[in-house]
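Colleague: for reference, the sequence and a predicted model appear below.
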Amino acid sequence: MAPSQSEVQAPVTEGAAREIADILIQAGDIDDQQLEYALRIKSKLANPRPLTTILEELGMVTQEQLRKTLTTNRVKLRLGALLLELGEISESDLRAAVALQKESGDRKLGEILVENHFIAEDDLLQVLSAQLGFPYLEAERLQVDRSITGRFRPEWFVQNGCFILRGEDGSLLLAAKDPLNNRPQLEAEKILNRALTPCLAKRHVIDQAIRAIQGGPSAGRAAVDVESELVKTVESILIEAIAHNASDIHVEPMKNRLRIRFREDGVLVPQKDLPLEMARGLASRIKILAGADIAERRRHQDGRLLFEHEGLNIDMRVSFYSTIHGEKIVMRLLNNRSNLLDIKDIGMAPKMGERFRTDVLDVPSGVTLVTGPTGSGKTTTLYGAINYLNNTNTSIITAEDPVEYVINGINQCSINPKIN
């Protein structure tokens with residue numbers, strides 16, 4: 001029997017903002033008068049904004065207060081109300097998900113929202129991480145510590161949909177499919193006689209960890225082997241690009257494959273295809289190497305990594321782009337070489353080269369703008385020009401992002417946007 005319209009609409013009409021506000025009032029973070037004022041402002045905004053954001057901007061609560069209160073009262077907090085208030089889902093999405101939940105019996109709302117594409121699992125976990133302050137474990141594999149898991153029956157992890165692991169600082173973490181349910185945490189703390197920190201992980205990652213517990217030590221080793229395979233795959237891609245003298249590496253998730261292409265002599269050349277299942281793990285590995293945020297998948301990011309191979313130091317600028325099939329990665333290879341082409345050998349016609357030297361480089365002042373597509377020789381031309389001007393009577397200072405060639409006798413500065 002299908003639920004009535006009033007039953008489906010109930011969670012929405014009760015007011016998602018009010019539900020969160022009641023928790024804050026009960027905790028003593030705000031009072032009724034402050035809430036009334038904040039709601040009045042919220043109702044007048046042309047573009048809807050979360051009540052929690054308005055309360056923060058008005059100075060009524062701090063982000064730390066919000067996280068502490070929402071975490072402490074997470075059992076009272078309804079996932080649908082939180083996502084609706086934050087604008088992550090629409091009222092129609094929530095109504096449809098609640099209707100499906102009533103038809104399916106005991107399935108969790110979060111699971112239904114993700115499976116029916118009302119919200120991406122990454123987005124869901126990032127929202128919960130930001131609002132509750134729980135760490136988000138981005139890894140595609142969780143390491144099994146049998147000194148911990150061995151104190152529980154394997155069925156306990158299956159029944160509770162959770163996994164316990166050891167953090168880098170030695171603390172114990174509990175990753176659960178339903179992070180708003182604190183019962184597994186309380187039970188585990190009683191068994192282990194120590195505190196656990198709730199954390200977030202993707203459902204399939206938790207399922208893999210549980211299967212590793214059920215499958216014995218060999219299953220745990222398999223997870224380590226997969227991680228090792230990712231490391232080897234990234235390294236092999238970089239080495240192949242260097243061998244092909246590529247200027248760029250493109251890692252592109254397609255509908256059913258992960259395409260790898262190298263830019264050689266200005267042209268993108270297909271190299272090989274990898275299973276699409278490797279896309280997330282490969283992106284996470286490259287983000288770690290490039291110093292990017294592995295938890296951020298919705299926005300464009302930049303990073304940089306240094307790769308050493310057979311005596312060459314290859315500086316790489318890395319960009320991550322969010323696409324409909326996953327994250328596209330572009331790596332620009334910059335070889336910190338000391339061998340420079342003479343300005344006469346960069347490929348200009350003789351008369352053009354002579355004019356470039358006399359009308360541009362030999363004049364005492366001015367600005368020179370060098371433009372062109374990738375691989376056209378902009379960097380080679382500029383460094384050749386600097387090398388031409390480099391003598392004991394001239395002081396040369398550069399501002400570079402980054403330093404691609406090292407030239408003796410001049411002062412080269414690398415731009416660091418992070419420190420302005």
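Modeller: Ah, there it is. Numbers count the residues shown, from 1 in each chain.

Colleague: tell me the buried residues in stretch 279-293?
Modeller: For stretch 279-293, the neighbour count (16 or more other Cβ atoms under 10 Å) marks 279-290, 292 as buried. The way it works is simple: take the backbone N, C-alpha and C, and place the C-beta from them, glycine included.

Colleague: and stretch 322-341, by the same measure?
Modeller: Buried, per 16+ other Cβ under 10 Å, within stretch 322-341: 326-334, 340.

Colleague: next SSE after the host helix or strand of residue 80?
Modeller: Using DSSP states H and E, residue 80 maps to helix 79-85. For helix 79-85, the following helix or strand on the C-terminal side (DSSP H and E) is helix 91-104.

Colleague: quick one: residues contacting the residue nearest the centre of the chain.
Modeller: Centroid-nearest residue in the chain, with Cα atoms, centre = their mean: residue 296, separated by 2.5 Å. For residue 296, the contacting residues are residue 126, by Cβ atoms under 8 Å, 6 or more residues apart in numbering.

Colleague: host element of residue 112?
Modeller: Taking DSSP H and E as the definition, one finds residue 112 inside helix 109-115.

Colleague: the next helix-or-strand element following that helix: how far from the chain's middle?
Modeller: Heading C-terminal from helix 109-115, the first helix or strand you meet, by DSSP H and E, is helix 121-132. Remark: helix 121-132 is offset 12 Å from the chain centroid, using Cα atoms, centre = their mean, to the nearest Å.

Colleague: helices or strands up against helix 121-132?
Modeller: Helices and strands touching helix 121-132, as assessed by 3 or more Cβ pairs under 8 Å, 6 or more residues apart in numbering; DSSP states H and E, comprise helix 63-72, helix 79-85, helix 109-115.

Colleague: tell me the buried residues in the second one?
Modeller: For helix 79-85, the neighbour count (16+ other Cβ under 10 Å) marks 79-85 as buried.

Colleague: any chance of these in CSV, plus distance to residue 182 and pLDDT?
Modeller: Below are the buried residues of helix 79-85 laid out as CSV (distance: Cβ to Cβ, whole Å; pLDDT from 0 to 100):
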residue, distance to residue 182, pLDDT
79, 14, 82
80, 18, 83
81, 18, 80
82, 16, 80
83, 19, 85
84, 22, 81
85, 21, 77
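
Colleague: okay if I get those residues as a markdown table plus distance to residue 42?
Modeller: Output for the buried residues of helix 79-85, formatted as a markdown table (distance: Cβ to Cβ, whole Å):
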| residue | distance to residue 42 |
| --- | --- |
| 79 | 21 |
| 80 | 19 |
| 81 | 15 |
| 82 | 16 |
| 83 | 17 |
| 84 | 14 |
| 85 | 10 |
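
Colleague: coming back round to it: which strands or helices does the helix holding residue 80 pack on?
Modeller: helix 5-13, helix 16-26, helix 91-104, helix 109-115, helix 121-132.

Colleague: go through this protein and flag its longest strand.
Modeller: The longest strand of the chain (DSSP state E) is strand 312-323.

Colleague: who touches the following helix or strand past that strand?
Modeller: As assigned by DSSP H and E, the chain's next helix or strand after strand 312-323 is strand 326-335. Defining contact as Cβ under 8 Å, 6+ apart, one finds that strand 326-335 is touched by 238, 241-242, 246-253, 276, 279-280, 282-283, 286, 297, 312-321, 402, 404.

Colleague: got phi/psi on residue 308?
Modeller: Torsion angles at residue 308 (phi, psi; degrees, to the nearest 10) stand at phi -100, psi 130.

Colleague: next, count neighbours for residue 73.
Modeller: 16 (other Cβ atoms under 10 Å).

Colleague: and the nearest residue to residue 72 once chain neighbours are set aside, what pLDDT?
Modeller: Take residue 72 and drop its neighbours on the chain: the residue closest to it by Cβ to Cβ, 6 or more residues apart in numbering is residue 27, 7.3 Å away. Model confidence at residue 27, given as pLDDT, is 87.

Colleague: now do the contacts for residue 27.
Modeller: Applying Cβ under 8 Å, 6+ apart, the residues near residue 27 are 69, 72-73.

Colleague: pick the most deeply packed of the helices and strands packed on helix 121-132.
Modeller: Across the helices and strands packed on helix 121-132, averaging neighbours per residue (mean count of other Cβ atoms under 10 Å) puts helix 79-85 on top, at a mean of 22.

Colleague: now do that one: everything it contacts.
Modeller: Helix 79-85 is contacted by residues 11-12, 14, 16-17, 19-20, 50-52, 89-91, 94, 97-98, 109-110, 113, 119, 124, 127-128, 131, 180 when judged by Cβ under 8 Å, 6+ apart.

Colleague: centre of the chain versus it, how much separation?
Modeller: So, by Cα atoms, centre = their mean, the centroid of helix 79-85 is 23 Å from its chain's centroid.

Colleague: again with stretch 376-393
Modeller: On Cα atoms, centre = their mean, the centre of stretch 376-393 falls 38 Å from the chain's centre.
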